[in-house]
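A.B. asks: what shape does this take:
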Amino acid sequence: MKSGSFGVVNNFQIIPQREQRPSLKWLITDIAEVRSQKSEVRSQKSEVRSQKSEVRSQKSEVRSQKSEVRSQKS
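C.D. replies: Got it, this is the predicted structure:
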């Protein structure tokens, strides 16, 4: 089997090059899937940001409590 710009010669039958490409239907499906995954990733990133923010608040709260404990000790 040899390939050329006109198509692929296979058993003396010339197959047009475009039939070698994935169909538009599959490409559209793939694009939709990628978009959906991107959206999911964005949601997860947003969730992570919220959790980080929550952790920062808790750390700040702990620092305040430690400071409070130190001042009570003295």
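A.B. asks: make it CA atoms for all contacts and neighbour counts henceforth
C.D. replies: OK.
A.B. asks: pLDDT below threshold where in this protein?
C.D. replies: 1-21 (pLDDT under 70).
A.B. asks: what are the ranges of the strands in it?
C.D. replies: Using DSSP state E, the strands found in the chain span residues 2-4, 7-10, 13-16.
A.B. asks: give me the number of residues near R42?
C.D. replies: 12 (other C-alpha atoms under 10 Å).
A.B. asks: ah, wrong one, I meant S39
C.D. replies: Applying other C-alpha under 10 Å, we find 12 residues neighbouring S39.
A.B. asks: same question for S64.
C.D. replies: 12.
A.B. asks: tell me the spacing between R70 and R63.
C.D. replies: 11 Å (C-alpha to C-alpha, to the nearest Å).
A.B. asks: from V48, how far off is V41?
C.D. replies: 10 Å.
A.B. asks: where do the helices of the chain begin and end?
C.D. replies: Secondary structure of the chain by DSSP state H: the helices cover 24-73.
A.B. asks: who's in contact with V48?
C.D. replies: Residues counted as contacts of V48 (C-alpha atoms under 8 Å, 6 or more residues apart in numbering): none.
A.B. asks: try it again at 10 Å.
C.D. replies: R42, E54 (C-alpha atoms under 10 Å, 6 or more residues apart in numbering).
A.B. asks: ditto for S71
C.D. replies: By C-alpha under 10 Å, 6+ apart, the contact set of S71 is Q65.
A.B. asks: that one and E61, how far apart?
C.D. replies: Taking C-alpha to C-alpha, one finds S71 at 15 Å from E61.
A.B. asks: and Q37, what does it touch?
C.D. replies: Per C-alpha under 10 Å, 6+ apart, neighbours of Q37: I31, S43.
A.B. asks: and it, how far from S53?
C.D. replies: In terms of C-alpha to C-alpha, Q37 sits 24 Å off from S53.
A.B. asks: over to E47?
C.D. replies: 10 Å.
A.B. asks: so what's K45 up against?
C.D. replies: Per C-alpha under 10 Å, 6+ apart, neighbours of K45: S39, Q51.
A.B. asks: ok, now K38?
C.D. replies: Here K38 is in contact with A32, Q44 (C-alpha under 10 Å, 6+ apart).
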